[in-house]
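J.: whatever this is, show me its structure:
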Amino acid sequence: MNCNNDNFTSSIAGGFLSNNPFIRTDKTPNNYSAFKTDCLNPAASGQCWGQPRYRYYARWNNIKEWRGKICAKSVQNTYNNHVVSYQSSSDSSCPIGGQNYCQIYYGPIISFQVKGHNESENQWRSIEKDGKLASYEIPANERRWYHWAWKTSQPSDFRLAVRYAKPYDEFDFMMDKKM
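T.: Next up is the predicted model:
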């Protein structure tokens with residue numbers, strides 16, 4: 001479906017940490033109930049754009065060493081359309097479209113996130129290293145594969161996150177941990 005499962009599950013950045021990694025392959029919001037309804041609203045006007053959209057989180061709590069890997073494909077077609085249309089002011093700065101009618105592509109965003117074990121749920125943030133943020137928008141009809149390895153001195157919570165997915169976008173997930 002998405003990535004080759006044998007290749008995807010055969011390794012993880014930094015090496016495996018246990019004999020029991022978390023693996024979920026060949027998942028879409030349409031076939032996996034762990035995806036929940038999401039709202040894309042970059043204008044914060046209270047209106048959800050381009051529905052339906054879905055989110056997914058897979059997490060491990062209270063650990064010091066973690067590995068994460070995601071393979072994602074944004075399926076862009078008539079039935080799985082990531083392009084959002086909206087009204088614009090009279091300026092002509094629309095990414096796609098005309099002066100008063102704009103369109104923009106909003107693909108699924110995947111990220112690798114961390115928070116302190118005792119921090120509240122709204123404290124999740126993308127991992128960052130050497131100025132690189134572990135958050136990626138998947139381009140239309142492209143497959144991307146990302147992985148991160150992380151180690152902390154204090155117990156932390158880690159998760160794989162997907163936002164703004166459409167029903168037929170494709171995902172493979174893998175995580176491993178050391179307590």
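
J.: in this protein, where is pLDDT below threshold?
T.: 1-2, 42-44, 87-100 (pLDDT under 70).

J.: so where do the strands sit in the protein?
T.: 22-27, 36-38, 53-73, 83-87, 96-97, 101-105, 109-116, 125-126, 128-129, 132-133, 135-137, 143-165, 170-178 (DSSP state E).

J.: who are the neighbours of the longest one, in terms of helices and strands?
T.: The helices and strands touching strand 143-165, judged by 3 or more C-beta pairs under 8 Å, 6 or more residues apart in numbering; DSSP states H and E, are strand 36-38, strand 53-73, strand 109-116, strand 170-178. Using the backbone N, CA and C atoms, a C-beta is placed for each residue, glycine as well.

J.: pairing partners for that strand, with directions?
T.: Strand 143-165 has these partner strands in its sheet, going by DSSP bridges: strand 53-73 (antiparallel), strand 109-116 (antiparallel).

J.: dump these into CSV; add mean neighbour count and distance to residue 6 as well.
T.: Compiled in CSV, these are given as follows (neighbours: other C-beta atoms under 10 Å; distance: least, C-beta to C-beta, whole Å):
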stretch, mean neighbour count, distance to residue 6
strand 53-73, 20, 12
strand 109-116, 20, 21
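
J.: just send the ones you listed back as a markdown table, with distance to residue 47 too.
T.: Conversion of the strands paired with strand 143-165 to a markdown table gives the following (distance: least, C-beta to C-beta, whole Å):
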| stretch | distance to residue 47 |
| --- | --- |
| strand 53-73 | 12 |
| strand 109-116 | 19 |
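
J.: what's the closest of those to residue 133?
T.: strand 109-116 (8.1 Å; C-beta to C-beta).

J.: next one: the spatially most central residue of the chain from residue 175, what distance?
T.: The structure's the chain has its C-alpha centroid closest to residue 110; by C-alpha atoms, centre = their mean the separation is 1.9 Å. Going from residue 110 to residue 175 by C-beta to C-beta, to the nearest Å gives 13 Å.

J.: alright, I will stop here.
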